[in-house]
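Undergrad: pasted the sequence and its predicted model underneath.
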Amino acid sequence: MEQNPNEKFTGSFTQQEPIPEEGIAAAVDVMRSGRLHRYNVKGDEAGEVAVLEQEFAAAMGVKYCLAVASGGYAMTTALRALGVRPGDRVLSNAFTLAPVPGAIAAVGAIPVFVGVTEALTIDLDDLEAKADRASVLLLSHMRGHICDMDRLLAICARYDLRVIEDCAHTMGARWRGRLSGTDGIIGCYSTQTYKHMNSGEGGFLVTNDDQVMARAVILSGSYMLYPRHLAAPAPDAFEAVKYDTPNISGRMDHLRAAILRPQLRRLAAQCAAWTDRYRVVEAGLRDCPGLRLIERPADEDFVGSSFQFLLLDWAAPKVREVVARCAARGVELKWFGAAEPAGFTSRYDSWRYAPSAPMPASDRILAGILDMRLPLTFSLDDCALLARIIRAEVSAVHQAA
Ligand SMILES: *Cc1c(COP(=O)(O)O)cnc(C)c1O
């Protein structure tokens, strides 16, 4: 392909789309009403939050949904709802972002990290080797890469490991047709600005388990107003837990719910648009010497809201050179191999509150991971340009090596 060495990308990697006008109008109505708190409803009004929960549960094909203040809050609530206590060990991914081990630390538990494969998914052999060390796995579908969920569930069943899924990057994705977040006991989602729906901050927790949901609702700060929920079990499920479950407020409000409801209706179309962009970048980087693509399994319907590739076994200064050369042409790549945490990237060994043994096989992968956001404000042509720039700069550094 003809290369213009001066070609630069000028888009913003952190610019999401505007909130749909419908959502803005609904948010204005909520503000005019003055009733922003989820339990502040008039007459037989259900309120935006309860309706959103009902709609999200229906969209995910589950019985129950709780809307909360953040994805991180959904994860800590999930851990508490499963009875994780201070000092307990919780298995989780070595390749993930800081809110995941942070959620484990927030309940006083201790993360036990499981390695990452070249597919950027959890290493199931390592999981099997460590499975008897905990009773809960907080599984992060990091950057939208879904492992062989059937094999994972079989391992977890064998070791009585209960699974909480962190679907911050897989809302709307599927494994063999099953929506991400519905294979474990609990699925957690984030609606923070950089995820698949945008309410600034926010999140969801979904489950089919009556007791877990009753506990989660009370934990989130329902007082004794739980009968107002539309996607929660009947009041008798709360009788068994209501005196023993602390209130740790983290509710969603009507304002956020109002702007999320129209976004939920568009979720499938948005997911498809992300994946179209991903496929353009992938095609543009195919067979680039020195660069390894992450081949996506046929069983996975992923959402391509970000793109990763590997510069496997490259020397650190060469990786840094690629990052710098791309940055000079407007392309923001994040490197997960850096020794010091930077921006949103960090490594399991930078979370020093969580002791970890070295994992050389995972370190080799982490040292080669490059990561790029693909917001929907980028056009398909933008994505082709991103790929041309990355290809040119990776090739230049690779040839010089
Ligand atoms: C963003 C994120 C979360 C948590 O989301 P917040 O809403 O910011 O708390 C959890 N896991 C991963 C992998 C994330 O990227």
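TA: Alright, I've got the coordinates. Numbers count the residues shown, from 1 in each chain.

Undergrad: switch to C-alpha atoms for all contacts and neighbour counts from now on
TA: Noted.

Undergrad: got the phi/psi numbers for Tyr348?
TA: Backbone geometry at Tyr348, expressed as degrees, to the nearest 10, gives phi -60, psi -30.

Undergrad: to clarify, my last question referred to Ala119.
TA: Ala119 adopts backbone torsions of phi -80, psi 0, taken as degrees, to the nearest 10.

Undergrad: go on, Phe378?
TA: phi -80, psi 140.

Undergrad: what sits closest to it if chain neighbours are left out?
TA: In space, and not counting its chain neighbours, Phe378 is closest to Gly11: 7.1 Å by Cα to Cα, 6 or more residues apart in numbering.

Undergrad: how much space separates that neighbour from the ligand?
TA: Relative to the ligand, Gly11 is positioned 22 Å away (Cα to the nearest ligand atom, to the nearest Å).

Undergrad: wait, is that residue part of a strand?
TA: No. Counting by DSSP: H, G, I helix; E, B strand; the rest coil, Gly11 is not part of a strand but coil.

Undergrad: while we're on it, how confident is the model there?
TA: Per-residue pLDDT puts Gly11 at 97.

Undergrad: that one: how many residues sit nearby?
TA: If you count neighbours by other Cα atoms under 10 Å, Gly11 ends up with 15.

Undergrad: the chain should start at 895 in everything you say after this.
TA: Taking 895 as the first residue, the last one we looked at is Gly905.

Undergrad: let me know whether it touches Asp1275 as I believe.
TA: No. The pair Gly905 / Asp1275 is not scored as a contact, 11.5 Å apart, by Cα atoms under 8 Å.

Undergrad: would you indicate which residues of the longest helix belonging to the chain are buried?
TA: Under DSSP state H, the helix in the chain containing the largest number of residues is helix 1274-1294. Buried residues in helix 1274-1294, counted by 16 or more other Cα atoms under 10 Å: 1274, 1276-1289, 1292.

Undergrad: then stretch 1160-1179?
TA: Across stretch 1160-1179, burial judged by 16+ other Cα under 10 Å covers 1161, 1164-1176, 1178-1179.

Undergrad: just stretch 1096-1111 next, same as before
TA: 1096-1102, 1104-1111.

Undergrad: got the contact list for the spatially most central residue of the chain?
TA: Centroid-nearest residue in the chain, with Cα atoms, centre = their mean: Ala1062, separated by 1.7 Å. Applying Cα atoms under 8 Å, 6 or more residues apart in numbering, we find Ala1062 in contact with 965, 1035-1036, 1082-1085, 1089.

Undergrad: show me the shaky parts of the chain.
TA: In the predicted model, the chain carries pLDDT under 70 at residues 895-897, 1295.

Undergrad: all strands of it, in order?
TA: 958-962, 983-987, 1004-1008, 1030-1034, 1056-1060, 1068-1069, 1072-1073, 1080-1084, 1097-1101, 1186-1187, 1194-1195, 1200-1204, 1228-1229, 1263-1267 (DSSP state E).

Undergrad: any chance of those strands in a markdown table, with distance to the ligand too?
TA: Converted to a markdown table, the strands of the chain look like this (distance: least, Cα to the nearest ligand atom, whole Å):
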| stretch | distance to the ligand |
| --- | --- |
| strand 958-962 | 9 |
| strand 983-987 | 10 |
| strand 1004-1008 | 14 |
| strand 1030-1034 | 6 |
| strand 1056-1060 | 6 |
| strand 1068-1069 | 17 |
| strand 1072-1073 | 17 |
| strand 1080-1084 | 4 |
| strand 1097-1101 | 6 |
| strand 1186-1187 | 21 |
| strand 1194-1195 | 18 |
| strand 1200-1204 | 11 |
| strand 1228-1229 | 14 |
| strand 1263-1267 | 12 |
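
Undergrad: all good on my end, thank you.
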